[in-house]
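Engineer: Structure for the following, please:
(one chain, ligands or ions: 1)
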Amino acid sequence: MKLLSPVKLGPLELKNRMAMSALTRCRAIAGNVPNPLAITYYSQRATAGLIITEATQVTPMGQGYPNTPGIYSDEQVQGWRKVTDAVHQAGGKIVLQLWHVGRVSLPEYHNGQLPVAPSALPMQGQLHTPQFVKKDIPTPRALETAEIAEVVSQFKKGAENAKAAGFDGVEIHGANGYLLEQFTKSGDNHRADTYGGTLENRLRFPLEVVDAVISVWGADRVGYRISPHFEGYASSDANPVETYTRLVEELDKRKIGYLCVKEGANEPKTPDQALTSRLRKVFHQTYMVNQGYNAQTGEAILENGGADIVCYGTLFLANPDLPQRFEKNAPLNAPDPSTFYGGNEKGYTDYPTLS
Ligand SMILES: Cc1cc2nc3c(=O)[nH]c(=O)nc-3n(C[C@H](O)[C@H](O)[C@H](O)COP(=O)(O)O)c2cc1C
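Structural biologist: Just a heads-up that it's a prediction; the model follows:
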């Protein structure tokens, strides 16, 4: 199977072409430090060619869900160090997903202050407070122009901390309606300064983040995730083909290690492979695709040259030994959505392996 064949990702030698997609699990403990169970959870999945961690906020303002881990304090770095050591010991490779939720948050996470965004646009929807109570998302506060450099430096600090924590690289979370995507998409960014208006201006902040992270890691250990068709959290763009072709051209110029394209809208899982194959031609480093793939469809897209690596989310969540199961054509455990977010080892470290 091509899925099980080795591949190079920048300087990293991956043992197969199956990546574990970023999966938020809301189990970090006090101080947003990774749960000690995360050591077991991630090392159980070390047969993935690459593990991409759950989204990890670079600053407290970047949080919008209960108990998500951070990468801004020494305790968090020490917590992640235990995870990377265990994954490496088990023969795996692991990168950290760097995150800022922007407007997808509640004042309850910020001592009563409003969440921040490119523009103060009202949006509908609810989120859980730190106590898992549902609340309406408020209209956020628009970042002042002078504040943007500060957010860029928070991403840079997160990248430095990820290095100190022993990761093999980082993935910048530019998808799923969060801060970088809010700046990128025309429907979410109505700014009148140099960070909004034209497409070039909308891409300025995400690309400043990319350049800052490259300055820490070197381009070939930096990945970037996009979701051109994501429609959650009021996310919208008038011309995703134009927006994302331009963004990906810029990422390609910088020769970042990989691009991960989450292809579909939120639900149903309908990949837009027309845009995927267009972007594939624009980006010349390692190309990953995600959303709704199984063994057959993953193998097919590799075989026809549409991608170099396939990212599996929910299948890796429920099947720690997913590559082995694909190899043996073995049955798969079904993911249990009731234990996706929050809780303990149930639905986290207790999915059975074949052996
Ligand atoms: C429980 C859960 C948590 C997720 N957390 C993240 C995340 O932290 N970062 C991210 O980029 N995507 C996140 N996603 C999206 C997944 O990475 C992936 O794109 C999605 O599950 C579709 O892939 P799949 O069909 O293989 O499951 C999450 C999805 C689920 C189900």
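Engineer: Could you check which residue of the stretch 51-200 of the chain lies nearest the ligand?
Structural biologist: residue 55 (3.3 Å; C-beta to the nearest ligand atom). All C-beta spots, glycine's among them, are computed from the backbone N, C-alpha and C.
Engineer: Nearest spatial neighbour of that residue, chain-adjacent residues omitted?
Structural biologist: residue 99 (3.8 Å; C-beta to C-beta, 6 or more residues apart in numbering).
Engineer: Now do the contacts for the one you found.
Structural biologist: 55-58, 62, 68, 173, 178 (C-beta atoms under 8 Å, 6 or more residues apart in numbering).
Engineer: check contacts around residue 301.
Structural biologist: Contacts of residue 301 (C-beta under 8 Å, 6+ apart): 289, 293, 307, 310.
Engineer: And the residues you listed, which of them are buried?
Structural biologist: Buried members of the contacts of residue 301, counted by 16 or more other C-beta atoms under 10 Å: 289, 293, 307, 310.
Engineer: ok so, going back, from the contacts of residue 99, which is closest to residue 318?
Structural biologist: residue 55 (19.1 Å; C-beta to C-beta).
Engineer: helix, strand or coil for the closest one?
Structural biologist: strand (DSSP: H, G, I helix; E, B strand; the rest coil).
Engineer: That one: how many residues sit nearby?
Structural biologist: 26 (other C-beta atoms under 10 Å).
Engineer: Would you reformat the contacts of residue 301 as CSV and include pLDDT and secondary structure?
Structural biologist: Putting the contacts of residue 301 into CSV (pLDDT from 0 to 100; DSSP: H, G, I helix; E, B strand; the rest coil) gives the following:
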residue, pLDDT, secondary structure
289, 95, strand
293, 95, coil
307, 96, coil
310, 98, strand
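Engineer: Need the max-distance pair from those.
Structural biologist: The widest separation within the contacts of residue 301 (C-beta to C-beta) is 9.3 Å, between 293 and 307.
Engineer: hey, where'd the helices end up in this structure?
Structural biologist: For the chain, the helices defined by DSSP state H cover 37-44, 74-89, 145-164, 179-184, 199-202, 204-217, 240-253, 273-282, 295-303, 314-318, 322-328.
Engineer: which of these is buried the deepest?
Structural biologist: Of all the helices of the chain, helix 179-184 has the most neighbours on average by mean count of other C-beta atoms under 10 Å, namely a mean of 28.
Engineer: what's that helix packed up against?
Structural biologist: Judged by 3 or more C-beta pairs under 8 Å, 6 or more residues apart in numbering; DSSP states H and E, the packing partners of helix 179-184 are strand 116-117, helix 204-217.
Engineer: can you give me the angle the last one makes with helix 145-164?
Structural biologist: Direction vectors for helix 204-217 and helix 145-164, defined by axes from the mean of the first three to the mean of the last three C-alpha atoms, to 10 degrees, enclose an angle of 30 degrees.
Engineer: which helices and strands sit right next to helix 204-217?
Structural biologist: helix 145-164, strand 169-173, helix 179-184, strand 222-226, helix 240-253.
Engineer: so how many other residues sit close to the residue nearest to residue 211 when sequence neighbours are not counted?
Structural biologist: Closest residue to residue 211 apart from its sequence neighbours, by C-beta to C-beta, 6+ apart: residue 254 at 7.3 Å. Residue neighbour count, defined by other C-beta under 10 Å, stands at 14 for residue 254.
Engineer: now the one 4 residues further on
Structural biologist: A count of neighbours around residue 258, defined by other C-beta under 10 Å, yields 27.
Engineer: Give me the pLDDT for it.
Structural biologist: Listed pLDDT for residue 258 reads 98.
Engineer: and what of residue 236?
Structural biologist: 89.
Engineer: Count residues in the vicinity of it, would you?
Structural biologist: So residue 236, with other C-beta under 10 Å, has 13 neighbours.
Engineer: Having no further points to raise, I will conclude here.
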